[in-house]
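Asker: with the input below, show me the fold.
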Amino acid sequence: MLSPAPSLTSPTPRTLEVQDLSFTYGNRTVLDRISFKVGEGEILAILGPNGAGKTTLLRCVNLIHRPASGRILVNNEEVREMSANDVARRIAYVAQQNATAGLTVFDAVLMGRRPHLGWRVADKDLRMVGAALEHLGLNQLAMRPINQLSGGELQKTAIARALVQEPRLLLLDEPTSALDVKNQYEILGLLQRVVHGHEMAAVLTLHDLNLAMRFAHKFLLLKDGKIFAHGQVEDINPEMIREVYGLEVAIHQLDSCAVMVPHKSH
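Answerer: All right, here's what the predicted structure looks like:
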């Protein structure tokens, strides 16, 4: 999918390792000693019911929230010791809501180059934005205002902006929450190809377990701010879902994909 020139990649391996991360809000422990790893080319889905700490964990990795303790390593570099600009050079965050109203698609994507900009926008920056728009099929929308985009187009724009940051790690908070079924599959399929083609790692929060089992490589299942289970997505089983979600389900294989089906009583 991604053409070799102008390149949006670098030869540096990208890996995330979180060690014993905890986060407190007041006297309440929101996350309790969370540890996991994600290697380059891998997608990790953070799962769990509402209030389990999924978005908080994602924001702690990006230092939007400051963890109370623990280590966050990107390619063996301690994120908590970096400046905000250095964090932005390594980690790109795609929030559920992206406040870029009033900008064109081109300008919104160009914002992703801010961690790398000098005194002015260079030719390299413009080439990288053009390449990202082409790779994500946004060429024809480059001059369109953001507020005139569909949900799928807006999400592609946010991913394009993240890519031009040249990150080692992509963080996405519920990237399919406002999308119809077709766009959900298109965006997550695009994410798979981008992560593989750019040799980066990605971590995303999801509510839909079927999407996680289809598009992610690994999962992290949270319950009450703690890790209940983690591993390869093939390891997700009905017992985990019953214990965490209180839902009786069956998991079937359909065309080599696992599909979760709730029991009729639910």
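
Asker: the helices in the protein, which residues?
Answerer: In the chain, the helices defined using DSSP state H lie at 54-61, 84-90, 105-110, 123-135, 151-163, 181-198, 209-215, 238-245.

Asker: compare the ones you listed and give me the one nearest Glu174.
Answerer: Across the helices of the chain, Glu174 has its closest neighbour in helix 54-61 (7.8 Å, Cβ to Cβ). Every residue, glycine included, has its C-beta placed from N, CA and C.

Asker: tell me what that closest one is packed against?
Answerer: strand 16-25, strand 28-38, strand 43-47, strand 169-173, strand 201-205 (3 or more Cβ pairs under 8 Å, 6 or more residues apart in numbering; DSSP states H and E).

Asker: let's go with 10 Å and repeat that
Answerer: If contacts are counted by 3 or more Cβ pairs under 10 Å, 6 or more residues apart in numbering; DSSP states H and E, helix 54-61 sits against strand 16-25, strand 28-38, strand 43-47, strand 69-74, strand 91-94, strand 169-173, strand 201-205, strand 218-223.

Asker: switch those over to JSON lines; also include mean neighbour count.
Answerer: Below are those laid out as JSON lines (neighbours: other Cβ atoms under 10 Å):
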{"stretch": "strand 16-25", "mean neighbour count": "17"}
{"stretch": "strand 28-38", "mean neighbour count": "18"}
{"stretch": "strand 43-47", "mean neighbour count": "26"}
{"stretch": "strand 69-74", "mean neighbour count": "18"}
{"stretch": "strand 91-94", "mean neighbour count": "23"}
{"stretch": "strand 169-173", "mean neighbour count": "24"}
{"stretch": "strand 201-205", "mean neighbour count": "26"}
{"stretch": "strand 218-223", "mean neighbour count": "23"}
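
Asker: these: which one's closest to Leu133?
Answerer: Per Cβ to Cβ, nearest to Leu133 of those: strand 91-94, 16.2 Å.

Asker: just the CA atoms of the closest one, as PDB, please.
Answerer: Taking C-alpha atoms only, strand 91-94 is exported to PDB below (Å, rounded to 0.1, in the frame of the first residue of the first chain):
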ATOM      1  CA  ILE A  91       4.200   8.500  19.900                       C
ATOM      2  CA  ALA A  92       1.200   9.600  17.800                       C
ATOM      3  CA  TYR A  93      -2.100   9.800  19.500                       C
ATOM      4  CA  VAL A  94      -5.500   9.600  17.700                       C
END
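
Asker: what's in contact with that strand?
Answerer: 14, 16, 58-59, 61-64, 72, 74, 79, 82, 87, 112, 115, 155, 158-159, 161-175, 191, 200-204 (Cβ atoms under 10 Å, 6 or more residues apart in numbering).

Asker: coming back round to it: what's the closest of the helices and strands packed on helix 54-61 to Ala229?
Answerer: strand 218-223 (4.5 Å).

Asker: before we move on, the earlier item: nearest to Ser256, out of the helices of the chain?
Answerer: helix 209-215 (10.2 Å).

Asker: packing partners of that closest one?
Answerer: For helix 209-215, the packing partners by 3+ Cβ pairs under 10 Å, 6+ apart are strand 43-47, helix 181-198, strand 201-205, strand 218-223, helix 238-245, strand 249-254, strand 257-262.

Asker: got the ones you listed as TSV, with distance to Ala108 and mean pLDDT columns?
Answerer: Shown next, in TSV, are those (distance: least, Cβ to Cβ, whole Å; pLDDT from 0 to 100):
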stretch	distance to Ala108	mean pLDDT
strand 43-47	24	97
helix 181-198	17	89
strand 201-205	20	95
strand 218-223	30	96
helix 238-245	36	96
strand 249-254	38	91
strand 257-262	34	90
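
Asker: low-confidence ranges, this structure, go.
Answerer: Applying pLDDT under 70 to the chain flags the ranges 1-14, 98-101, 266.
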